[in-house]
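Novice: Build me a model:
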Amino acid sequence: VFAIISILAVGAFLVYAARLSIHAMLARHRGATTEHTKRSFFQTQLGAYTVSLLLGNFLMSVAFILNSHWVAVGGVERSFIKQLSMTASSYFTSAIAIHAFTTLACKHKLPDWLCGAAVVSGWAVSAVMGIVPAMIDDDNLGSLYGFDGLSCGISLDYPGLQLFFQVIPVFLAVFASILFYGLIYLVIRGTISTSNGIRVNLSSEERKRSLGMNGTDPQYQAFVLTVARSLL
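Specialist: The predicted model follows:
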């Protein structure tokens with residue numbers, strides 16, 4: 001039930017994002033600018049990563065729906081969708097964290113071509129991670145794709161490969177999120193300053209000076225710290 005709800009919600013949002021992107025692209029060709037500014041998010045770098053992450057979540061929900069049919073017929077073809085979507089979700093979760101760090105903490109905008117290359121590489125890596133297990137078939141252990149203890153996935157007969165294909169991508173995404181969002185928190189809080197080289201500020205006055213908040217409204221200072229804490 002929850003997978004069906006996720007498919008409907010994420011699918012509708014992806015259709016909405018596609019419509020806005022096409023509408024904005026056509027408007028730009030017509031010379032319109034400010035009228036369609038609010039529709040340009042999905043054409044930004046963050047928008048590209050976000051749409052890719054949502055597409056990965058959408059495919060994951062599709063895989064869970066197909067699991068019920070897999071149980072009935074004993075097929076493992078659906079494992080490819082699950083592996084593809086799991087890798088894509090982990091990859092683009094990490095990509096969003098890195099993008100947020102470079103823009104918010106380092107205040108550096110990466111070139112658009114690098115974003116495009118990252119998106120293409122993400123889906124290419126995800127496809128490879130889904131195709132390779134389908135090519136592994138041992139005479140004694142059987143196909144790598146099989147029952148993973150919960151649904152169709154990496155067979156329990158291959159514990160090492162199950163760790164590599166299913167656990168490590170998720171672990172890397174969690175590690176990247178904790179690392180980069182933690183650094184963003186420290187930069188926004190003022191503990192780490194990157195304006196004139198990397199510097200650690202331990203006192204509250206040094207943190208305020210690094211953020212340029214001396215003489216500002218205390219409520220604004222509290223707001224900045226609240227935003228920083230929300231990243232964790």
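
Novice: So which elements touch whichever strand or helix holds Leu84?
Specialist: Following DSSP states H and E, the helix or strand that holds Leu84 is helix 79-100. Identification of packing neighbours for helix 79-100 by 3 or more C-beta pairs under 8 Å, 6 or more residues apart in numbering; DSSP states H and E yields helix 45-73, helix 112-134, strand 145-147, strand 152-154, helix 168-189. The C-beta positions use only the backbone N, C-alpha and C, and glycine is treated the same way.

Novice: ok, Leu46 to Tyr91 distance?
Specialist: 15 Å (C-beta to C-beta, to the nearest Å).

Novice: Which one's more surrounded, those two?
Specialist: Tyr91 (26 against 15; other C-beta atoms under 10 Å).

Novice: For that one, which non-adjacent residue is spatially closest?
Specialist: Gly122 (4.4 Å; C-beta to C-beta, 6 or more residues apart in numbering).

Novice: per-residue pLDDT, Leu66?
Specialist: At Leu66, the model reports a pLDDT of 73.

Novice: That one reaches Ile81, doesn't it?
Specialist: Yes: assessed by C-beta atoms under 8 Å, Leu66 is found in contact with Ile81 at 6.8 Å.

Novice: What helix or strand is Ala12 located in?
Specialist: Secondary structure (DSSP H and E) places Ala12 in helix 2-30.

Novice: Ser177 - how many residues pack around it?
Specialist: Counted with other C-beta under 10 Å, Ser177 comes out at 17.

Novice: for Pro169, that is, sorry about that
Specialist: Pro169: 22 neighbours (other C-beta under 10 Å).

Novice: now do Ile131
Specialist: Ile131: 12 neighbours (other C-beta under 10 Å).

Novice: Tell me who's in contact with it.
Specialist: Phe80 (C-beta atoms under 8 Å, 6 or more residues apart in numbering).

Novice: how near is it to Ala176?
Specialist: 24 Å.

Novice: if we can go back for a sec, Throw the helices and strands packed on helix 79-100 into TSV and include distance to His99, thanks.
Specialist: Listed next are these as TSV, based on distance: least, C-beta to C-beta, whole Å:
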stretch	distance to His99
helix 45-73	6
helix 112-134	8
strand 145-147	33
strand 152-154	29
helix 168-189	9
